[in-house]
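# Sequence and predicted structure below; questions after.
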Amino acid sequence: MSETGYPVPARLHRVEETIQRSRFLTTVARAPTDIEARTVLNGVREEFPDATHHCWAFIAGPPGSTLSVGMSDDGEPHGTAGRPMLTTLLHSGIGEIMAVCTRWYGGTNLGTGGLSRAYSGGVKLALESLPLDRKVERAMMEVEVGYPQVDGLQKLLAELDSRVEREQYGGRVLYEVAVPEALVPRLQRGIADLTAGEGRVRRL
């Protein structure tokens, strides 16, 4: 559903380019947390120990969120790598993303402007062909209805892309469901309509 969730990297993805004899390899991967971002970085460092620099930036959250971000120039002149990489990620519309730009120095100095363009350009190039998945934020809700409304409830949950985590059948029917956060108001309205106000919905 287009109104729920946001795009995230589907898998690790790489692009490579050579700029004035320096080789730039940009690795992009999913990073829901800063710990997973560091894991991606450590993996790249172990894979290419001979590289001159491993510059990086990440957003461990929704697209454009600055609550959990990080960056590093890794020895390049201050502000020429991590910052332009992070700026590119923040404007990409993609969340939970880590980018590592690995450079092998080719003997020609690119200058600060050239470095900024090379590092941000590497990330842009990787994003152009990055396979995407969709992250859906879900809320755990408890829904209570009478037995006559069970069929209608199941139909409503299917329409709202909701997962039933637990079912309990007693005097009334109790479901614990994982609902896309953006669709919680529609669930509440749907249950009210279905049960003529008799049903109950609460957040767990």
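Good, I have the coordinates.
# List the contacts of the helix of greatest length in the chain.
Identified as the longest helix of the chain according to DSSP state H is helix 111-128. Outside of helix 111-128, the residues within contact range by Cβ atoms under 8 Å, 6 or more residues apart in numbering are 13-15, 17, 19-20, 22, 24, 26-28, 55, 57, 76-77, 79-81, 83-85, 87-89, 92, 94, 99, 101, 103, 110. In this view, the C-beta of every residue, glycine as well, is placed from N, C-alpha and C.
# Tell me, what's the model's pLDDT at the residue lying farthest from the centre of the chain?
Distance to the chain centre peaks in the chain at G171, reaching 41.6 Å (criterion: Cα atoms, centre = their mean). We have a pLDDT of 91 for G171.
# quick one: which helix or strand includes it?
Using DSSP states H and E, G171 is not contained in any helix or strand.
# if we can go back for a sec, among the contacts of helix 111-128, the buried ones, what's the ChimeraX command?
Per 16 or more other Cβ atoms under 10 Å, the buried members of the contacts of helix 111-128 correspond to this ChimeraX selection:
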select :13,15,19,22,24,26,27,28,55,57,76,80,81,83,84,85,88,89,92,94,99,101,103,110
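# Narrow the contacts of helix 111-128 to those in strands?
13-15, 17, 19, 22, 24, 26-28, 55, 57, 99, 101, 103 (DSSP state E).
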